[in-house]
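In: here is a sequence together with a model predicted from it:
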Amino acid sequence: AWVHSQLCNYQEPYGGEGGRQRRSASYVKLWEWNYADVQEECREILGPAGVDAVQLSPVTEHILGHQWWVRYQPISASLNS
């Protein structure tokens with residue numbers, strides 16, 4: 001299932017000459033970015049450039065630590081902050 005945000009303009013996956021050739025969707029990974037910066041990047045850079053979607057770090061409660069991989073060690077599925 002596709003999930004689209006109002007922050008990034010979605011375009012059907014067509015491009016090339018005359019916009020008729022099927023193309024793969026383009027994604028940008030903005031892991032470890034805060035939501036305010038993601039919003040600005042989508043509005044100012046990624047949306048106008050035709051990027052289809054962004055991937056973010058998992059939104060789960062995780063173990064504590066400063067290593068990059070701690071975000072992938074969930075301790076609950078709660079979305080409370």
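Out: Perfect, thanks for sending it.
In: what about the chain, any weak spots by pLDDT?
Out: Across the chain, the stretches falling below the confidence threshold (pLDDT under 70) are 1-20, 22, 79-81.
In: ok, which stretches of the chain are helices?
Out: Ranges of helices within the chain are 35-41, 47-49, based on DSSP state H.
In: distance to residue 57 and mean neighbour count added to these, as CSV?
Out: All C-beta spots, glycine's among them, are computed from the backbone N, C-alpha and C. As requested, the helices of the chain are arranged in CSV below (distance: least, C-beta to C-beta, whole Å; neighbours: other C-beta atoms under 10 Å):
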stretch, distance to residue 57, mean neighbour count
helix 35-41, 10, 13
helix 47-49, 20, 13
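In: relative to residue 24, which of the ones you listed is closest?
Out: Between residue 24 and these, the tightest spacing by C-beta to C-beta is seen for helix 47-49, at 15.3 Å.
In: what's the spacing between residue 36 and residue 67?
Out: For residue 36, the distance to residue 67 (C-beta to C-beta, to the nearest Å) stands at 24 Å.
In: re earlier: among the helices of the chain, which comes closest to residue 21?
Out: Closest to residue 21 of those, according to C-beta to C-beta: helix 47-49, at 18.2 Å.
In: tell me the centre residue of the chain?
Out: The centroid of the chain falls nearest to residue 54 when counting by C-alpha atoms, centre = their mean (2.0 Å).
In: ok so, going back, can you add distance to residue 60 and give the helices of the chain back as JSON lines?
Out: Compiled in JSON lines, the helices of the chain are given as follows (distance: least, C-beta to C-beta, whole Å):
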{"stretch": "helix 35-41", "distance to residue 60": "15"}
{"stretch": "helix 47-49", "distance to residue 60": "27"}
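In: of all the ones you listed, which one is nearest residue 74?
Out: Minimum separation from residue 74 across the helices of the chain (C-beta to C-beta) falls at helix 35-41, 19.0 Å.
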